[in-house]
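J.: Got a predicted model here, sequence first, then my questions.
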Amino acid sequence: MQKEIIISGFGGQGVLFAGQVIAYAAMDSGKEVTWIPSYGPEMRGGTANCTVVIADQEIGSPLVKNPPLAIALNLPSFDKYEPLMQAGGTLIVNQSMVDRGAQRNDIHVILVPCNEIAEGIGDKKLMNMVAVGALLTALSQVSLKDVEKALEAHLPARHKHLLPKNYEALKRGFETHTKRVG
């Protein structure tokens, strides 16, 4: 088993952290993992993406050309990764930042109003965890509980007070699996 994931958005949306949390969750449950970040020189607002590869055996290459799983947190990411998705793959789309539907009908698209859900929880920075929760509906190798444990184990001490809201964001995103289209 090997699963490849691309997470993409603007800098400042928590793209890299979302990938790290998934990677830690898989690694802590005994899987082989790679996590590769990529970002522009801007501190906020530039492009950011990362790839996560999860496998049962040693990973031969961390490069991902046609992911079976992806998260697009903004319209440029949706435009870039929708055509690259593997047929039958699942693309999580932040509906709060994307004003169009999918162009392909051979992939599953989960539209999630990540920003609105995060704001409803009380912190707009949680939108990345909402998207991760939605991704978990299509990633059987990592459970919601695995990600919660990874957050607890790897979140810096100064942010531990945010754990309950992160858990809520994950659960709310996970519940969006009923909104599949495509």
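T.: Received, thanks.
J.: ok, how many other residues are close to the closest residue to residue 147 other than its chain neighbours?
T.: Leaving aside its chain neighbours, residue 147 sits nearest to residue 25 (4.6 Å; criterion: C-beta to C-beta, 6 or more residues apart in numbering). Where you see a C-beta, it was placed from the backbone N, CA and C, and this is true even at glycine. Residue 25 has 29 neighbours, counted by other C-beta atoms under 10 Å.
J.: Report the central residue of this protein.
T.: residue 132 (4.1 Å; C-alpha atoms, centre = their mean).
J.: Following the chain past the helix or strand containing that one, name the next helix or strand.
T.: Using DSSP states H and E, residue 132 maps to helix 127-135. Once the chain leaves helix 127-135, the next helix or strand it forms, by DSSP H and E, is helix 144-154.
J.: between that following helix and helix 127-135, what angle do the directions make?
T.: Helix 144-154 and helix 127-135 are oriented at 150 degrees to each other (axes from the mean of the first three to the mean of the last three C-alpha atoms, to 10 degrees).
J.: List the buried residues in helix 144-154.
T.: The neighbour-count check on helix 144-154 (16 or more other C-beta atoms under 10 Å) flags 144, 146, 147, 148, 150, 151 as buried.
J.: who touches the fifth one in this structure?
T.: Which is residue 150. Residue 150 is in contact with 21, 22, 24, 25, 28, counting by C-beta atoms under 8 Å, 6 or more residues apart in numbering.
J.: need the strands for this protein, in chain order.
T.: For the chain, the strands defined by DSSP state E cover 2-10, 32-39, 47-55, 69-72, 90-94, 108-112, 180-181.
J.: hmm, who's touching stretch 157-167?
T.: Contacts of stretch 157-167 with the rest of the structure, by C-beta under 8 Å, 6+ apart, involve 121, 122, 123, 126, 129, 148, 151, 152, 155.
J.: worst-scoring helix or strand of the protein, pLDDT-wise?
T.: Within the chain, no helix or strand scores below strand 180-181, which has a mean of 43 by mean pLDDT, DSSP states H and E.
J.: how about CSV for the contacts of stretch 157-167, with pLDDT and distance to residue 166 added?
T.: Listed next are these as CSV, based on pLDDT from 0 to 100; distance: C-beta to C-beta, whole Å:
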residue, pLDDT, distance to residue 166
121, 95, 9
122, 93, 12
123, 94, 9
126, 96, 6
129, 96, 5
148, 96, 8
151, 95, 5
152, 94, 9
155, 87, 8
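J.: tell me the two of those that are most distant?
T.: 122 and 152 (19.6 Å; C-beta to C-beta).
J.: Now the terminal residues of stretch 119-138, how far apart.
T.: 24 Å (C-alpha to C-alpha, to the nearest Å).
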